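S.K.: Fold the following, please.
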Amino acid sequence: MADIPALKWLREAGVDEIAGDTPRDFFAESAIAKQAAIDAKSKGSVNAPKKDVAQRKPILQSASTSIQSNTTQANSGFMDNSSNYAGLSETIESARKLAEAANNLDELRKAVEGFDGCSLKKTANKTVFCDGNPETKVMLIGEAPGADEDRQGIPFCGMSGQLLDKVLKSIGLDRESGFYITNTIFWRPPGNRKPTPEELAICKPFLEKHIALVAPKILLLVGATAVQAILQDNSSMSKLRSKQFKYKNDYMDADTEVMVTYHPSYLMRSPLNKRLAWEDMLLFEERIKNLG
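M.R.: Purely as a prediction, here's the structure:
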């Protein structure tokens with residue numbers, strides 16, 4: 001029974017898939033491969049025949065052919081990259097058109113659920129759109145769905161979400177009437193990895209329209225990925241927290257205030273920083289009161 005907590009911890013961390021049907025000792029395989037390479041090199045140095053000038057010419061010709069082949073492959077790769085870039089631009093434009101056509105949150109949800117331009121949707125179980133009350137004008141934006149969110153289709157419903165709920169409840173905010181919450185990405189990245197810049201760019205039009213439709217008085221960005229997606233700032237969280245920012249996108253008529261705090265999963269790994277997160281919450285509570 002001692003193994004059960006360890007397995008639970010791995011599942012919460014996103015390790016929910018196996019790499020093969022049978023166990024492998026990669027350390028042993030590496031040692032065997034290394035010894036085989038040494039043996040082959042030793043045998044080659046003993047038995048290698050001496051090469052004369054006549055033998056060297058074909059080698060030079062072969063090298064020239066190899067260079068030409070590599071150049072052709074490099075040019076082909078460049079063309080592939082250009083094609084990929086064009087495909088990404090078309091996907092983003094498609095997402096933007098769908099976002100622009102949405103006149104309310106229900107229409108935007110349907111647009112996101114019907115959108116197939118993000119590859120994450122192929123590996124996810126559910127689309128994770130939102131939770132909470134949009135009428136509160138207090139909006140939280142997290143990073144990406146985890147394993148629990150992917151199963152239930154609700155943002156921040158796992159262990160980190162429970163911690164976030166407790167912290168927010170301590171300043172008088174709850175999901176039913178106190179705040180509205182979503183993520184920068186609507187589908188879980190495999191293994192809970194960080195979303196790629198391409199995935200963030202594809203989902204960005206939907207996220208921008210999401211914010212515009214809610215029209216919050218204040219945004220709370222939870223975690224570094226949300227900060228990068230909204231504020232386009234790669235500074236450390238320690239430098240960004242406790243500061244106030246303004247945000248506006250093409251769908252919005254006016255700026256909205258923005259604050260930043262640590263992601264609860266980070267606080268679970270680094271509990272000493274819970275004190276700083278609590279300071280953020282007190283400042284967040286003060287700003288909400290001042291905004292009326």
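S.K.: Would you mind measuring from the nearest residue to Gly178 once chain neighbours are set aside to Phe245?
M.R.: Leaving aside its sequence neighbours, Gly178 sits nearest to Thr136 (C-beta to C-beta, 6 or more residues apart in numbering; 5.9 Å). Glycine gets a C-beta too; all of them are placed from N, C-alpha and C. Applying C-beta to C-beta, to the nearest Å, the value for Thr136 to Phe245 is 20 Å.
S.K.: Lys169 too?
M.R.: 25 Å.
S.K.: which of those two has more neighbours?
M.R.: Neighbours were counted for Lys169 and for Phe245 using other C-beta atoms under 10 Å; Phe245 has more, 17 against 12.
S.K.: Spit out the contact partners of the more buried one.
M.R.: 231, 257-260 (C-beta atoms under 8 Å, 6 or more residues apart in numbering).
S.K.: Show me what it bridges to in the sheet.
M.R.: With beta bridges defined as DSSP bridges, Phe245 has these partners: Val258.
S.K.: buried set for the helix or strand hosting Asp106?
M.R.: Assigned by DSSP states H and E, Asp106 belongs to helix 105-114. Residues of helix 105-114 classed as buried: 105, 108-109, 111-112 (neighbour count, 16 or more other C-beta atoms under 10 Å).
S.K.: Also stretch 210-219?
M.R.: 210-214, 216-219.
S.K.: Please enumerate the helices of this structure.
M.R.: Ranges of helices within the chain are 3-12, 26-47, 53-101, 105-114, 120-123, 147-152, 159-169, 197-214, 224-231, 237-240, 264-269, 274-291, based on DSSP state H.
S.K.: and Glu176, how many residues sit next to it?
M.R.: Count around Glu176 with other C-beta under 10 Å applied: 9.
S.K.: residues contacting it?
M.R.: Counting by C-beta under 8 Å, 6+ apart, Glu176 touches 132-133.
S.K.: Show the pLDDT at it.
M.R.: Looking at Glu176, its pLDDT stands at 89.
S.K.: and what of Lys97?
M.R.: The model's pLDDT for Lys97 equals 97.
S.K.: So it versus Lys239, what's the distance?
M.R.: Taken as C-beta to C-beta, the span from Lys97 to Lys239 is 37 Å.
S.K.: what does Pro271 give?
M.R.: Counting by C-beta to C-beta, the gap from Pro271 to Lys239 is 21 Å.
S.K.: Check Ala124 too.
M.R.: Taking C-beta to C-beta, one finds Ala124 at 33 Å from Lys239.
S.K.: Between these two, point out the one with more neighbours.
M.R.: It is Ala124, of Ala124 and Lys239, that has more neighbours when counted by other C-beta under 10 Å, with 20 against 10.
S.K.: Excluding sequence neighbours, find me the nearest residue to the more buried one.
M.R.: In space, Ala124 is closest to Trp187, 3.8 Å off (C-beta to C-beta, 6+ apart).
S.K.: In contact with the one you found, which residues?
M.R.: 118, 120-121, 123-124, 127-128, 144-145, 150.
S.K.: what's the pLDDT at it?
M.R.: Here the pLDDT value assigned to Trp187 is 98.
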